[in-house]
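**Student:** fold the following, please.
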Amino acid sequence: MNHQKKKLFQILLLLLFIQEVNAYTISDPGYFTLGNSTYGEIVRISSNNVTLDLGGNTIFSASQGILIDSGLSRIKIFNGIIDSCTKGITIGPNCSSISINNIDIANCLERGVEILGTLGNEASKVTLEKVRFDNCATSTSADYLIHANYVQNLILEKLLMVNNGSSGVDIRMVNIQNSSRCIFKDIICQDNQALNFEGFHFENTINSLVREVEVRINTASATFVGFRFTGTATFENTCKNCVVSENICASGPLIGFDLLETVSKHMLDQCLVANNLTTGTTILSNCLGFNLDQVALCTLLKCRAISNSAMNDGTFNIAAGFHIGTSGGVGTGVKDSELSECVAANNKGYNDERSFGFRVVSDITGNTNNTYVGNIGIRNGVSTPYAQNQIVSTAGVGSSPGGVPSSSIVTKTTVNINNSGLGISNIRVI
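**Tutor:** Residues are numbered from 1 along each chain as shown. Presented below is the predicted three-dimensional model:
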């Protein structure tokens with residue numbers, strides 16, 4: 001029996017009795033196939049150049065599912081299920097060329113996948129493809145479904161995240177921190193729940209692409225954010241053809257895309273926020289399609305905010321398709337940025353006065369040198385939409401519209417049309 005076949009025989013034999021040994025460590029390189037479903041503690045990989053074919057079987061565990069030790073490279077895991085673990089897959093610091101493919105991760109109490117790079121020991125070239133997460137991150141100690149810290153060249157592609165989280169727990173479905181040159185493509189985040197919900201959180205992340213990602217039909221008890229970009233070192237990221245739709249927040253604010261805290265050189269291209277609802281009655285129960293504050297040199301191109309609502313009785317329940325600057329003057333504003341060919345339609349606050357297509361908060365002194373090109377606000381309001389609230393600069397709800405700040409670039413005469421409640425206002429073309 002040659003060395004390769006001997007290793008395969010050993011793992012097949014040992015996994016038949018894994019209930020007794022409680023764990024199996026792969027400490028040599030090679031191709032291994034899981035010969036049976038397991039009920040032990042952990043499958044641990046401590047060698048480079050390992051391919052683990054789960055063979056359609058399931059790893060059940062009361063603790064860890066699969067652990068990849070730090071500093072390893074060229075690891076492939078595919079074709080199986082990880083079920084009922086505390087954490088599904090953990091990838092240690094300084095790992096590279098790790099591939100997780102065609103795996104179902106179900107009923108894990110905390111994180112589904114975590115990639116634990118550190119400063120100076122970054123993980124790199126990690127790929128998750130065709131991975132499904134179902135009913136994970138449900139315990140009171142849960143925080144993220146997928147967590148990646150200090151990772152370069154991370155790829156998440158063709159992922160499905162359904163039925164995860166719990167109404168009493170704060171959950172970020174995907175949490176990316178201190179990472180660069182990442183790609184997120186063809187991902188659906190659907191039918192999940194949390195107390196405070198974030199679909200995708202990017203913090204101190206640069207040069208990354210998010211494309212064809214949907215956050216839809218999720219629920220939050222307190223606050224909801226579809227995509228959030230924040231951190232003093234978050235710049236040069238692109239979202240293209242991403243969607244936040246049909247989500248419900250029962251209490252606090254609901255925001256589709258949230259760009260905050262010195263984010264710069266960020267592009268949102270043909271993204272959509274539609275049919276979202278916040279039902280709260282507090283002063284914070286606003287529904288904002290695209291919220292920008294404390295950012296610079298950002299571009300929104302052909303983005304749409306359609307039929308988002310914050311209609312319950314509240315002192316200041318605002319709905320705004322595009323919200324530029326934090327309400328109340330607490331932020332530092334938006335500068336040197338551009339909104340081009342964007343559309344806000346049928347967004348409804350508590351009343352017409354609190355319904356906006358594009359709202360530029362004029363009491364933020366940092367809202368300067370922005371360009372608005374060919375944007376359209378239409379039918380934003382409840383009954384008889386204010387024509388002047390379709391695209392408006394205002395210091396607060398109910399204050400007189402002031403147009404676009406003088407430091408912003410607008411040419412051609414503003415067009416205002418109001419015909420039997422149909423409000424098309426301030427179409428601006430350079």
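**Student:** contacting residues for N164?
**Tutor:** Contact analysis of N164 by C-beta atoms under 8 Å, 6 or more residues apart in numbering lists 112, 133-138, 145, 171, 173, 192-193. Just so you know, the C-beta spots here come from the backbone N, C-alpha and C atoms, and that holds for glycine as well.
**Student:** would you turn these into CSV with distance to K348?
**Tutor:** Supplementary listing: the contacts of N164 in CSV, determined by distance: C-beta to C-beta, whole Å:
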residue, distance to K348
G112, 36
F133, 33
D134, 34
N135, 34
C136, 35
A137, 32
T138, 34
L145, 32
I171, 28
M173, 27
N192, 25
Q193, 24
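**Student:** quick one: which of these is nearest E341?
**Tutor:** Closest approach to E341 among the contacts of N164 (C-beta to C-beta): M173, at 29.9 Å.
**Student:** which element is the closest one on?
**Tutor:** strand 171-177 (DSSP states H and E).
**Student:** that strand pairs with which strands?
**Tutor:** Next to strand 171-177 in the sheet, as set by DSSP bridges, lie strand 144-149 (parallel), strand 193-203 (parallel).
**Student:** let me know the closest of the contacts of N164 to C303.
**Tutor:** The closest of the contacts of N164, once distances to C303 are taken by C-beta to C-beta, is M173, at 21.6 Å.
**Student:** check that closest one and give its pLDDT.
**Tutor:** As predicted, M173 sits at a pLDDT of 98.
**Student:** what residues does the closest residue to it other than its chain neighbours make contact with?
**Tutor:** Among residues not flanking M173 along the chain, L145 sits closest, at 4.7 Å (C-beta to C-beta, 6 or more residues apart in numbering). Contacts for L145 (C-beta under 8 Å, 6+ apart) come out as 111-113, 133, 136-137, 161, 164-165, 171-174.
**Student:** please apply the same query to I82.
**Tutor:** Taking C-beta under 8 Å, 6+ apart, one finds 58-59, 61, 65-66, 88-89, 103-106, 108 in contact with I82.
**Student:** kindly report the same for S166.
**Tutor:** Applying C-beta under 8 Å, 6+ apart, the residues contacting S166 are 137-140, 142, 193-195.
**Student:** does it sit in a helix, a strand or a coil?
**Tutor:** coil (DSSP: H, G, I helix; E, B strand; the rest coil).
**Student:** how far away is it from D143?
**Tutor:** 12 Å (C-beta to C-beta, to the nearest Å).
**Student:** who touches both of these two?
**Tutor:** A137.
**Student:** ok so, going back, next SSE downstream of the strand holding M173?
**Tutor:** Immediately after strand 171-177, counting by DSSP H and E, sits strand 183-190.
**Student:** relative to strand 144-149, how tilted is that next one?
**Tutor:** Between strand 183-190 and strand 144-149, the angle comes out at 160 degrees (axes from the mean of the first three to the mean of the last three C-alpha atoms, to 10 degrees).
**Student:** so what strands line up beside strand 183-190?
**Tutor:** strand 155-162 (parallel), strand 209-216 (parallel).
**Student:** what sits against R211?
**Tutor:** 183-186, 238-242.
**Student:** okay, these in TSV with neighbour count, distance to V343 and pLDDT next?
**Tutor:** Shown next, in TSV, are the contacts of R211 (neighbours: other C-beta atoms under 10 Å; distance: C-beta to C-beta, whole Å; pLDDT from 0 to 100):
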residue	neighbour count	distance to V343	pLDDT
I183	14	28	98
F184	23	25	98
K185	17	25	98
D186	15	25	98
T238	16	20	97
C239	26	17	97
K240	16	17	98
N241	14	15	98
C242	27	16	98
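**Student:** now the strands for the stretch 1-150 of the chain?
**Tutor:** 23-26, 30-33, 42-45, 50-53, 58-60, 64-68, 73-83, 87-91, 96-106, 113-116, 123-134, 144-149 (DSSP state E, counting those that start in this stretch).
**Student:** what mean pLDDT does the shortest one get?
**Tutor:** To tie it back to what came earlier, the one meant is strand 58-60. Here strand 58-60 scores 93 as its mean pLDDT.
**Student:** quick one: distance of that strand to the chain centre.
**Tutor:** On the basis of C-alpha atoms, centre = their mean, to the nearest Å, strand 58-60 sits 29 Å off its chain's mean C-alpha point.
**Student:** which strands or helices does it pack on?
**Tutor:** The contact analysis (3 or more C-beta pairs under 8 Å, 6 or more residues apart in numbering; DSSP states H and E) places strand 58-60 against strand 73-83.
**Student:** can you list the strands that the strand it packs on pairs with?
**Tutor:** So strand 73-83, judged by DSSP bridges, has these partners: strand 50-53 (parallel), strand 58-60 (parallel), strand 96-106 (parallel).
**Student:** T232 against N204, yeah?
**Tutor:** Yes - counting by C-beta atoms under 8 Å, T232 touches N204, with 7.0 Å between them.
**Student:** who's more crowded, those two?
**Tutor:** Higher neighbour count among T232 and N204: N204, with 18 against 12, using other C-beta atoms under 10 Å.
**Student:** and the more buried one, how far from V210?
**Tutor:** Relative to V210, and taking C-beta to C-beta, N204 is found at 16 Å.
**Student:** swap in N48?
**Tutor:** Taken as C-beta to C-beta, the span from N48 to V210 is 31 Å.
**Student:** how about C108?
**Tutor:** Applying C-beta to C-beta to C108 and V210 gives a distance of 24 Å.
**Student:** which one of the two has more residues nearby?
**Tutor:** With neighbours defined as other C-beta under 10 Å, C108 and V210 compare such that C108 has more, 29 against 25.
**Student:** residues in contact with the nearest residue to D269 once chain neighbours are set aside?
**Tutor:** Excluding the flanking residues, the one nearest D269 by C-beta to C-beta, 6+ apart is K240, at 4.4 Å. Contact analysis of K240 by C-beta under 8 Å, 6+ apart lists 209-212, 267, 269-271.
**Student:** name the nearest of the residues you listed relative to T278.
**Tutor:** Distances from T278 to the contacts of K240, taken as C-beta to C-beta, are shortest for C271 (19.4 Å).
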